[in-house]
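Undergrad: my questions are about this predicted structure, shown below with the sequence.
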Amino acid sequence: MKDIIKPIVVLASICLVVTALLAYVNMVTAPIIKEAQDKEASQARSEVLKEAKSFEQLNIDKLPDGVTEVYKGSDNSGYVFMLTTKGYGGDIKLICGIKPDGSIEAVKTLLHGETKGIGSKVMDNESGYHDNYIGKTKDTYSDVDNVSGATISSKAYKKAMEAAFEAFEIVTGGAKQ
């Protein structure tokens, strides 16, 4: 009996110590990680809506599916939409800046799990696919061609742009400024 209890007590003690250490490390690093994520998000907002000096987060009910956050740029410079859509490899997180006239200023991929070399042609910021949406409006964004071999990823990108334009209509009341 003693041979069974001793290893159990030792293993339980080790588990408790390791759990306490992990909880402490999490407590120490969580604010640092949050600060880094906030800084990265702020930088991304500035990249997709360059004229804005600051951003105000808008709390809007009933946003379209896929729109997770909306920010209004200072000095009536436009709006920034945080978007999530479903691609071939899982969730895709994008950020889109729309100018007051209803045209896209810039789009950037924040996170994706698309297949390297295929779906990543659409998602990687270095590929330039997102540049095809610059200047597009609600009426013209669907004119962007799909990437051959990455149809699901291309359609996911367009679906996110559709959601951004729907959210733009909601925040502006349908009026271009």
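TA: Received the coordinates, thanks.
Undergrad: what bridges to Val80?
TA: Tyr71, Gly97 (DSSP bridges).
Undergrad: correct me if wrong: it contacts Tyr71.
TA: Yes: with contact defined as CB atoms under 8 Å, Val80 reaches Tyr71; the gap is 4.3 Å. For the C-beta atoms, the positions are set from N, CA and C on the backbone; glycine is no exception.
Undergrad: find residues that contact each of the two.
TA: Taking CB atoms under 8 Å, 6 or more residues apart in numbering as the contact rule, Val80 and Tyr71 both touch Arg45, Phe55.
Undergrad: give me the more crowded residue out of these two.
TA: Each of Val80 and Tyr71 has its neighbours counted (other CB atoms under 10 Å); Val80 has more, 28 against 23.
Undergrad: now for the more buried one: which residues touch it?
TA: Arg45, Val48, Leu49, Ala52, Phe55, Val70, Tyr71, Gly73, Ile95, Cys96, Gly97, Ile98.
Undergrad: make JSON lines out of these and add distance to Ala150.
TA: As requested, the contacts of Val80 are arranged in JSON lines below (distance: CB to CB, whole Å):
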{"residue": "Arg45", "distance to Ala150": "27"}
{"residue": "Val48", "distance to Ala150": "22"}
{"residue": "Leu49", "distance to Ala150": "27"}
{"residue": "Ala52", "distance to Ala150": "31"}
{"residue": "Phe55", "distance to Ala150": "31"}
{"residue": "Val70", "distance to Ala150": "28"}
{"residue": "Tyr71", "distance to Ala150": "29"}
{"residue": "Gly73", "distance to Ala150": "31"}
{"residue": "Ile95", "distance to Ala150": "20"}
{"residue": "Cys96", "distance to Ala150": "19"}
{"residue": "Gly97", "distance to Ala150": "24"}
{"residue": "Ile98", "distance to Ala150": "24"}
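Undergrad: now the residues you listed as CSV including pLDDT and distance to Ala36?
TA: Listed next are these as CSV, based on pLDDT from 0 to 100; distance: CB to CB, whole Å:
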residue, pLDDT, distance to Ala36
Arg45, 91, 15
Val48, 90, 19
Leu49, 91, 21
Ala52, 88, 21
Phe55, 91, 18
Val70, 93, 22
Tyr71, 94, 19
Gly73, 91, 23
Ile95, 92, 16
Cys96, 94, 22
Gly97, 95, 22
Ile98, 94, 27
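Undergrad: give me the buried subset of these.
TA: For the contacts of Val80, a neighbour count by 16 or more other CB atoms under 10 Å gives the buried set as Arg45, Val48, Leu49, Ala52, Phe55, Val70, Tyr71, Gly73, Ile95, Cys96, Gly97, Ile98.
Undergrad: which residues touch the last one?
TA: If I follow you right, that is Ile98. Gly78, Tyr79, Val80, Phe81, Ile104, Glu105, Ala164, Phe165, Phe168.
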